[in-house]
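**Student:** Sequence first, then the predicted structure, then my questions.
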Amino acid sequence: MAFELILPFFPEPLQALILDPAVADVCINGSSGVYVERQGVMAKVEGLTMPPDHLNAAIEQIARVLGQDITEQDPILDTRLPNGSRVAAVYPPCSPGGATVTIRKFNHWFSTDQLAEMGSLPAPVRDQIVSAILDRRNVLISGGTGSGKSTLLNALIAHIPATDRLVVIEKPMELEIKNDNAVRLEAVDALPGRTAKTVAHLVAAALRHRPDRIIVGEVRDESAYDMLQAMNTGHSGSMTTTHADSALLALHRISDLALSAHANLDHGFVRSQTADAIHYVVQVSPS
């Protein structure tokens, strides 16, 4: 089990929370307390803290186990476990209240049928989106942090015909892709001797690998421009997600991100490209 890589560095009460299938996120706010999310509700775990020196040592050991490093000179860690769970940490001096750790767990991926049975995805909406995917319509999923965007995207990808070649781009890689003809690409940060490769770099590179559809786990930078161009030039049926509080704001966000790609882009042109490229926006809200 992937969590065994990090469990030894935490006290038993924290280990129990990490292993608890009902817990989606474990957040350690320095030495001030531990918070967990269950079924979309965040609550403090009373009486549970980690001394600063123990927490710092745990973060450093976790980083090494996962092939990375975190120091005062390089104080941000963003990595993942083999099961797709994410481990993020911010170290002093960027986190003056003490080192901060967030473990976002991926315990289980759901199918669209399961989401419908759970009441998370109304059956008529599911049927319409699946039909859109089969008709090669481009789909944008939007919502807030922890709303279930990635869960829905993963479920919808399963409906893509096996005959289609996918290029899936993420940072970090977390989706469970079962399509045989799928190329997985992951954006990476700069390291000594290695330049950063962003999602924007990988979207541009994906066009050279003959994709039928491009899947971007989340658009959060100028990669929106390349994504729009791909959707409008022969790669229909592509999908991505973005952070937004409404479907309309999601379209505005994609346009604004695309505008940041080039200084001379015309606002009206980018809005037109967005309107042509995005056929469906699915807004996800936490229950």
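**Tutor:** Okay, I see it.

**Student:** Quick one: residues contacting the spatially closest residue to Ala244 that is not a sequence neighbour.
**Tutor:** Leaving aside its sequence neighbours, Ala244 sits nearest to Ala250 (CB to CB, 6 or more residues apart in numbering; 3.7 Å). Quick note: C-beta positions are derived from backbone N, CA and C, even for glycine. Contact analysis of Ala250 by CB atoms under 8 Å, 6 or more residues apart in numbering lists 140, 142, 242, 244, 281, 283.

**Student:** tell me the mean pLDDT over the one helix or strand Ala250 maps to?
**Tutor:** In this structure, Ala250 sits in helix 247-259 according to DSSP states H and E. Helix 247-259 shows a mean pLDDT of 96.

**Student:** Kindly report the same for stretch 269-286.
**Tutor:** Rounded mean pLDDT across stretch 269-286 is 94.

**Student:** Show the end-to-end separation of it, please.
**Tutor:** 34 Å (CA to CA, to the nearest Å).

**Student:** didn't Ser142 look like it was pressed against Val284?
**Tutor:** Yes. Look at Ser142 against Val284 with CB atoms under 8 Å: they come within range, at 7.0 Å.

**Student:** Pull up the overlap in contacts between these two.
**Tutor:** What both Ser142 and Val284 touch, as defined by CB under 8 Å, 6+ apart, is the set Lys149.

**Student:** ok, and what's touching the longest strand seen in the chain?
**Tutor:** Identified as the longest strand of the chain according to DSSP state E is strand 23-29. With CB under 8 Å, 6+ apart as the test, strand 23-29 has contacts from 14, 17-18, 34-39, 42, 50, 55, 97-105, 107, 146.

**Student:** Would you write a ChimeraX line that selects the buried entries of those?
**Tutor:** Buried residues among the contacts of strand 23-29 (16 or more other CB atoms under 10 Å), as a ChimeraX selection:
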select :14,17,18,34,35,36,37,50,55,98,99,100,101,102,103,104,105
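
**Student:** Narrow the contacts of strand 23-29 to those in helices?
**Tutor:** The members of these that map onto helices under DSSP state H are 14, 17-18, 55.

**Student:** For Pro13, see how far away the residue of the chain positioned farthest from its centre is.
**Tutor:** For the chain, the largest distance from the centre (CA atoms, centre = their mean) belongs to Gly47, which lies 31.1 Å off. When distance is defined by CB to CB, to the nearest Å, Gly47 is 9 Å away from Pro13.

**Student:** Number of residues surrounding the residue nearest to Leu115 when sequence neighbours are not counted?
**Tutor:** Of all residues not flanking Leu115 in the chain, Leu121 sits nearest, at 3.9 Å (CB to CB, 6+ apart). Residues within reach of Leu121, counting by other CB atoms under 10 Å, total 24.

**Student:** Which of the helices or strands spans Leu121?
**Tutor:** According to DSSP H and E, Leu121 maps onto no helix or strand at all.

**Student:** And the pLDDT at it?
**Tutor:** 95.

**Student:** Now do the contacts for it.
**Tutor:** Taking CB under 8 Å, 6+ apart as the test, what Leu121 contacts is 112, 115, 152, 155.

**Student:** Export the helix or strand where Arg126 lies to PDB, keeping only CA atoms.
**Tutor:** Per DSSP H and E, Arg126 falls inside helix 123-134. C-alpha atoms of helix 123-134 as PDB (Å, rounded to 0.1, in the frame of the first residue of the first chain):
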ATOM      1  CA  ALA A 123     -28.700  10.200 -14.500                       C
ATOM      2  CA  PRO A 124     -30.000  12.600 -17.100                       C
ATOM      3  CA  VAL A 125     -26.900  14.800 -16.800                       C
ATOM      4  CA  ARG A 126     -24.700  11.700 -17.000                       C
ATOM      5  CA  ASP A 127     -26.400  10.500 -20.100                       C
ATOM      6  CA  GLN A 128     -26.100  13.900 -21.800                       C
ATOM      7  CA  ILE A 129     -22.400  14.300 -21.000                       C
ATOM      8  CA  VAL A 130     -21.600  10.700 -22.100                       C
ATOM      9  CA  SER A 131     -23.500  11.400 -25.400                       C
ATOM     10  CA  ALA A 132     -21.500  14.600 -25.800                       C
ATOM     11  CA  ILE A 133     -18.200  12.600 -25.400                       C
ATOM     12  CA  LEU A 134     -19.200  10.000 -27.900                       C
END
